[in-house]
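Novice: Got a sequence here, can you build the structure:
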Amino acid sequence: MCGRNSLFIDQADLEAGILRIESDPGYFADGPPLLQNDNFPITVSNPIEADALSTSSYADLNRSSDTERTELQLQDVYLESSTDDTAQLGVVVADTEETSLRGTEAQLRGLTQESRFTVTWASAADTPDDVPADGIYGTAAVPTTWRAAIVQVALADDRRSTYRQVTSEPTPYTRSTHDMLSSGGREGVQTLIWNLIFYGDARAGHSLSEAATDLEALIGESEAGAMQGTDDGSPGKRSVSTGRGGGRSARSPHKQLQDSLELSKANLEHLVAQSPDSGRTQELVDHLENYWVGIESGYVRAHITDQLSATSGTGLRLDTDGLLPTAREYYRELHSAGLLGAVSDYLMEALRIAPEAHASYLDGGQAFECLFARPALVLALDAEFGGDGVPPFYFVQDIFKALSGSQPIIAESLLYPCLVEDHYAAVLEPYRDGLQQLAETYDCELTFPERTAHAHKVLLYTVWYQELKRNPEPFTEAVQSPRYSRQSLEKLGQMMLEGRNRLDNYDRLTEFTDGSLNAIAQKMFSEDSSGKTANRENTIEQLAQGDCG
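Specialist: This is a model prediction of the structure:
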């Protein structure tokens, strides 16, 4: 609107402040429904020219009837360091889809300051870890008088960013919290979990718990609306007011992790209850990954607690008596509530009805990690604590069922040993880094569970062992296919044999190779012949020796 309009009600003046300076105003002339509603009787005054306005803030605003191109979002601008004369500012602008801002000329200009200062964009490698994935980070040297200035970024092509006030430092975890709230819990979750579990930062736990609680409430509202026929079924970016109370902030760390897991679980259950939709496959996998990370982090942190307790001067203590049961409880839910099966069934059906270009709907590598690599890690972590989460025998059945019906974009990685190794290493790496961080912080040595080094090989063996019952000649077919090299398939067989040799460390998984299979195994395989079992062993051994096919 141009200027300001006074809304004359029965006995008073209600004045609307400046929303935007527009060269061709039409907001009120078009007659929005609110202003025509009989229940809202008003009289709209004539527009007031912008130059005739007086304001109580931003008094030096350069008034103009020209509309600035403000399609850039200034996400953050904060003080990094300062001397007596100069302040170094960190600047974060949301990247555009059309072209990256890196390499473009940009200046930082103040709302009330005449001077302009160059913004130097950093490379992706030099960008701080807490900058959002879609943010371009830069720095600008400005006078110290700008330490609380209201600024915007100006590009050479006349584009301008939105305005933002310089802060003394980035507000802790506001970016991750914003990512959680704006993405419905898909983004930002892992950063907060990580800083809570491995950096012992209580503020991360508070942000995680509060945002998760708000989002879970929104899911409940969405489901209630769906029951009344008001849910349009669209995958959502949800928004929520951030004016939350502080009641959840007092929760203990393991309860804050539980809030995160409950949110991921609620999202998974909400999505799988709807009709399969290829457009939601990536959303589903993102939530499943967050669920796994919550479980993994709880187990890993519980594992090293005794190692930390022997040191002095440790910081935040996570209650292992609460942390381990929390991780174990949500691990059990994957099996007892059939959640993992429901997720994999949804993914497979959604991809089945989709066009062939599945890569446009789903990150197949991430999905493979969620249906194989991460389960392998949790299988090892739970075995470290006695296997009381899900009995390994049953859990491996779940994984086999999930993978046996998978589309090639997910399941074909099982035939490439290098991919199996790479995906599992990618899952392990952050946890090794987290333990290294804790070791440096507390000046101690921390060890990772020994089983985790080979868990992917154990799971690889047991999955293929079950597949051989259904299809006795998958490796013969693979050897004859030009898509798979014989050398690579031999390595695959060798990995499986190594996994078989480590089965004794996994209670009840040895039933897969026991010729006298117990009643559970007999029911599963519908066989009681040790000869058939031996045939599977021989097939794997032949593959490892290069004799298959």
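Novice: Pull up the per-residue confidence for Gly3.
Specialist: pLDDT for Gly3: 34.
Novice: Would you double-check that Arg109 falls in a helix?
Specialist: No: counting by DSSP: H, G, I helix; E, B strand; the rest coil, Arg109 is located in no helix; its state is strand.
Novice: Nearest spatial neighbour of it, chain-adjacent residues omitted?
Specialist: Among residues not flanking Arg109 along the chain, Arg116 sits closest, at 4.6 Å (C-beta to C-beta, 6 or more residues apart in numbering). For every residue, glycine as well, the C-beta is placed using N, CA and C.
Novice: Next: Ile304.
Specialist: Leu446 (5.2 Å).
Novice: For that neighbour, give me the pLDDT.
Specialist: At Leu446, pLDDT is 90.
Novice: likewise Tyr331?
Specialist: Tyr331 is given a pLDDT of 97.
Novice: Could you number the chain from 329 rather than 1 from now on?
Specialist: Sounds good: first residue 329 from here, last item Tyr659.
Novice: Please identify the helix or strand for it.
Specialist: Assessed by DSSP states H and E, Tyr659 sits inside helix 648-664.
Novice: before we move on, back to that, would you check that the residue nearest to Arg437 makes contact with Ala482?
Specialist: Yes: between Arg444 and Ala482 there is a contact at 7.0 Å, judged by C-beta atoms under 8 Å.
Novice: burial of Asp542, as a residue count?
Specialist: 20 (other C-beta atoms under 10 Å).
Novice: Can you point out the helix or strand that includes it?
Specialist: helix 530-555.
Novice: by contact count, what packs against that helix?
Specialist: helix 502-511, helix 517-525, helix 581-600 (3 or more C-beta pairs under 8 Å, 6 or more residues apart in numbering; DSSP states H and E).
Novice: Between the ones you listed, which one is closest to Arg864.
Specialist: helix 581-600 (32.8 Å; C-beta to C-beta).
Novice: Poorly predicted segments of the protein, please.
Specialist: 329-398, 425-427, 497-499, 553-578, 637-648, 840-862, 877 (pLDDT under 70).
Novice: tell me, what residue is most central in it?
Specialist: The centroid of the chain falls nearest to Glu515 when counting by C-alpha atoms, centre = their mean (4.0 Å).
Novice: Assign it to helix, strand or coil.
Specialist: coil.
Novice: from what I can see it touches His506, true?
Specialist: No: in this structure Glu515 lies outside contact range of His506 using C-beta under 8 Å: 9.2 Å.
Novice: Let me see the backbone angles for the residue nearest to Ile632.
Specialist: Note on Leu774: backbone dihedrals following degrees, to the nearest 10 are phi -120, psi 140.
Novice: Ala753 versus that one, what's the distance?
Specialist: Distance, Leu774 to Ala753, by C-beta to C-beta, to the nearest Å: 19 Å.
Novice: So which of the two has more stuff around it?
Specialist: A side-by-side neighbour count of Leu774 and Ala753, using other C-beta under 10 Å, places Leu774 first with 18 against 12.
Novice: my read: that one touches Gln765, true?
Specialist: No: counting by C-beta under 8 Å, Leu774 sits too far from Gln765 to count as a contact (9.7 Å).
Novice: Would you enumerate the residues in contact with Val786?
Specialist: Ala704, Leu707, Ala708, Gly827, Arg830, Leu831, Tyr834, Leu837 (C-beta atoms under 8 Å, 6 or more residues apart in numbering).
Novice: Which elements pack onto the one helix or strand the first one maps to?
Specialist: Secondary structure assigned from DSSP H and E places Ala704 in helix 702-712. In this structure, helix 702-712 makes packing contacts with helix 609-637, helix 648-664, helix 720-732, helix 745-770, helix 783-798, judged by 3+ C-beta pairs under 8 Å, 6+ apart.
Novice: redo that, cut-off 7 Å
Specialist: helix 609-637, helix 720-732, helix 745-770, helix 783-798 (3 or more C-beta pairs under 7 Å, 6 or more residues apart in numbering; DSSP states H and E).
Novice: buried residues in the longest one?
Specialist: For helix 609-637, the neighbour count (16 or more other C-beta atoms under 10 Å) marks 609-633, 635-636 as buried.
Novice: Now do that helix and helix 745-770, the angle between them.
Specialist: Here the directions of helix 609-637 and helix 745-770 differ by 40 degrees (axes from the mean of the first three to the mean of the last three C-alpha atoms, to 10 degrees).
Novice: Spell out which residues make up each domain of the chain.
Specialist: 329-393, 397-493, 503-554+580-872 (automatic domain parsing).
Novice: Tell me which of those domains sits most buried.
Specialist: Highest mean neighbour count of the domains of the chain: domain 503-554+580-872, a mean of 19 (counted as mean count of other C-beta atoms under 10 Å).
Novice: how long is that domain end to end?
Specialist: This stretch, domain 503-554+580-872, spans 49 Å end to end (C-alpha to C-alpha, to the nearest Å).
Novice: distance between that domain and the chain's centre?
Specialist: Distance of domain 503-554+580-872 from the chain centroid (C-alpha atoms, centre = their mean, to the nearest Å) equals 15 Å.
Novice: Secondary structure class of Pro403, three-state.
Specialist: Quick fix: residue 403 is Gln, not Pro. Per three-state DSSP, Gln403 ends up strand.
Novice: so who does it touch?
Specialist: Going by C-beta atoms under 7 Å, 6 or more residues apart in numbering, Gln403 touches Val420, Val421, Ala422, Pro460, Gly463.
Novice: who's in contact with the fourth one?
Specialist: If I follow you right, that is Pro460. Contacts of Pro460 by C-beta under 7 Å, 6+ apart are Gln403, Arg503, Asp507.
Novice: do Met824 as well
Specialist: Met824 neighbours (C-beta under 7 Å, 6+ apart): Lys785, Leu788, Tyr789, Trp792, Ile868.
Novice: Identify the residue nearest the fourth one in space, chain neighbours excluded?
Specialist: Translated: Trp792. Met824 (5.9 Å).
Novice: and the one you found, what helix or strand is that in?
Specialist: Applying DSSP H and E, one finds Met824 within helix 814-829.
Novice: what angle do that helix and helix 702-712 make?
Specialist: Using the same axes, to 10 degrees: helix 814-829 against helix 702-712 is 20 degrees.
Novice: Please save the CA atoms from helix 814-829 in PDB.
Specialist: In PDB, the C-alpha atoms belonging to helix 814-829 read as follows (Å, rounded to 0.1, in the frame of the first residue of the first chain):
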ATOM      1  CA  ARG A 814      33.800 -61.500 -11.400                       C
ATOM      2  CA  GLN A 815      36.500 -59.900  -9.200                       C
ATOM      3  CA  SER A 816      33.900 -57.800  -7.400                       C
ATOM      4  CA  LEU A 817      31.600 -60.700  -6.900                       C
ATOM      5  CA  GLU A 818      34.400 -62.800  -5.400                       C
ATOM      6  CA  LYS A 819      35.000 -60.000  -2.900                       C
ATOM      7  CA  LEU A 820      31.300 -60.000  -2.100                       C
ATOM      8  CA  GLY A 821      31.500 -63.700  -1.300                       C
ATOM      9  CA  GLN A 822      34.600 -63.100   0.900                       C
ATOM     10  CA  MET A 823      32.800 -60.400   2.800                       C
ATOM     11  CA  MET A 824      30.000 -62.800   3.500                       C
ATOM     12  CA  LEU A 825      32.200 -65.500   4.700                       C
ATOM     13  CA  GLU A 826      33.900 -63.100   7.100                       C
ATOM     14  CA  GLY A 827      30.500 -62.100   8.300                       C
ATOM     15  CA  ARG A 828      29.600 -65.800   8.900                       C
ATOM     16  CA  ASN A 829      32.700 -66.300  10.900                       C
END
